[in-house]
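1. just coords:
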């Protein structure tokens, strides 16, 4: 059932339009202002929004801009009793699907809603095709002995339905291994669904994984399908599984045993056929010893272990990886980039504490900042921003002041510096920053408020900061 959200401070419009939509088989949700609507979008899957221009607390056009940034897949239909051509043009430029004038023609509203749903379905289909294409193209790059071993193992185990646990440092490319496993498996025509267990708050992880029924908790105004059900007949990739809460661990174990999921607040069990691939940068055996991870779940997941080595252990693959990242950018400048011998030597001798992720960032930095298409060792050294005085890069970018603090204080100091840097880098935009650092916008907003990081500090990120 499609969810349609009606955002209007006039209760009569919400009720009348909602009844018409429900008569057509849709599920109508209502919000009297944009702030309530934004809260609903945090917990509900919404397909189309009817959004009034004049609203209390936050105007409709401002809300349109925020929603398009946070939820670009939702189609938005603007409605207004005081419309003008300029206002309609501005709304369309901001991403509105259409603009309707009050009093609403209910027949026209239904036609526009159907068209919006059709466009959304088409976009989802195109996105699915692109993702599947991306999975086929996102091969494991490299010819080193270490990578050849990984590639051989992936092809060998992909055809089975055995659960796989991928271990390795952060940024080493564990997600690419998971995608390759799906591509080489018999499930490659079905969904590949990824869940970053570290970026989803504990309060929401169960709803994300298993779904929920209407009324299961405050704000659950409609049913929601969980990631297990989305991945039915396909592959579910549980990234950063070591950060999953104990409660969620117990429920995942039960799903593995029963091959069924129970949505929160529901009494029904839904059969699922899912191949689970998990990944972590933690030592789960030690986590089991300390009680932070369930030992029975560890043994269930660790049927076939795959270790993805850090980039410093297969540095010979750096040129091929860098060429791959530059090629994916698709720009003329990226295609024209070449490296002299000193640049290659600099790349090969670097320790890559950020692994493949750091190399990908370097590729973007080269294209954005280099003035010449011929890259030298000096250019690479400058873009890598090696610390002055020959400090070992593996020590990381922490200042001596932070290292001297007690653990909890140092953690807070680092988090504040980290979030402030990314916030400035993303033009003080909550949605972009949240996506960049992998947290929910609401959680990010709370942390920015906690540390007193405001929009007023909109200076560019310091060049020596490396994350």
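-> Cool, got the structure. Just so it is clear, the structure is predicted and the values come from calculations on it, not from any experiment. Residues are numbered from 1 along each chain as shown.

2. Please, which helix or strand holds residue 77?
-> strand 75-80 (DSSP states H and E).

3. tell me what the next helix or strand after that strand is packed against?
-> Of the helices and strands lying after strand 75-80 in sequence (DSSP H and E), the nearest is helix 85-93. Helices and strands touching helix 85-93, by 3 or more CB pairs under 8 Å, 6 or more residues apart in numbering; DSSP states H and E, are helix 60-70, strand 75-80, strand 98-101. Backbone N, C-alpha and C define where each C-beta goes, glycine included.

4. Residue 95 should be in a helix, yeah?
-> No. Per DSSP: H, G, I helix; E, B strand; the rest coil, residue 95 lies outside any helix segment and is coil.

5. Can you give me every residue that contacts it?
-> 64-65, 68, 72, 76 (CB atoms under 8 Å, 6 or more residues apart in numbering).

6. I would like a PyMOL command selecting only the buried ones among those residues, please.
-> Listed next is the PyMOL selection for buried residues among these, using 16 or more other CB atoms under 10 Å:
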select buried, resi 64+68+76
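
7. what's the closest of the contacts of residue 95 to residue 428?
-> Taking CB to CB as the measure, residue 428 sits nearest to residue 65 out of these, at 14.5 Å.

8. Give me the pLDDT value at the closest one.
-> As predicted, residue 65 sits at a pLDDT of 88.

9. With the one 5 residues further on instead?
-> Among the per-residue scores, residue 70 holds a pLDDT of 78.

10. Show me where the stretch 51-200 of the chain has its helices.
-> For the stretch 51-200 of the chain, the helices defined by DSSP state H, counting those that start in this stretch occupy 60-70, 85-93, 106-137, 145-158, 174-184.

11. measure residue 5 to residue 63 for me?
-> Relative to residue 63, residue 5 is positioned 11 Å away (CB to CB, to the nearest Å).

12. ok, the strand holding residue 77: who's next to it in the sheet?
-> Counting by DSSP bridges, the strands paired with strand 75-80 are strand 48-52 (parallel), strand 98-101 (parallel).

13. which of these is buried the deepest?
-> Mean neighbour counts were compared across the strands paired with strand 75-80 using mean count of other CB atoms under 10 Å; the top stretch is strand 48-52, at a mean of 25.

14. Give me whichever of the helices of the stretch 51-200 of the chain is most buried.
-> Highest mean neighbour count of the helices of the stretch 51-200 of the chain: helix 174-184, a mean of 23 (counted as mean count of other CB under 10 Å).

15. That one to helix 145-158, inter-axis angle?
-> Interaxial angle, helix 174-184 versus helix 145-158 (axes from the mean of the first three to the mean of the last three CA atoms, to 10 degrees): 40 degrees.

16. hang on, the earlier thing: tell me which of the contacts of residue 95 is nearest to residue 228?
-> The nearest one, if we look at the contacts of residue 95 relative to residue 228 and count by CB to CB, is residue 72, at 24.8 Å.

17. show me the contacts for that closest one.
-> By CB under 8 Å, 6+ apart, the contact list for residue 72 reads residue 95.
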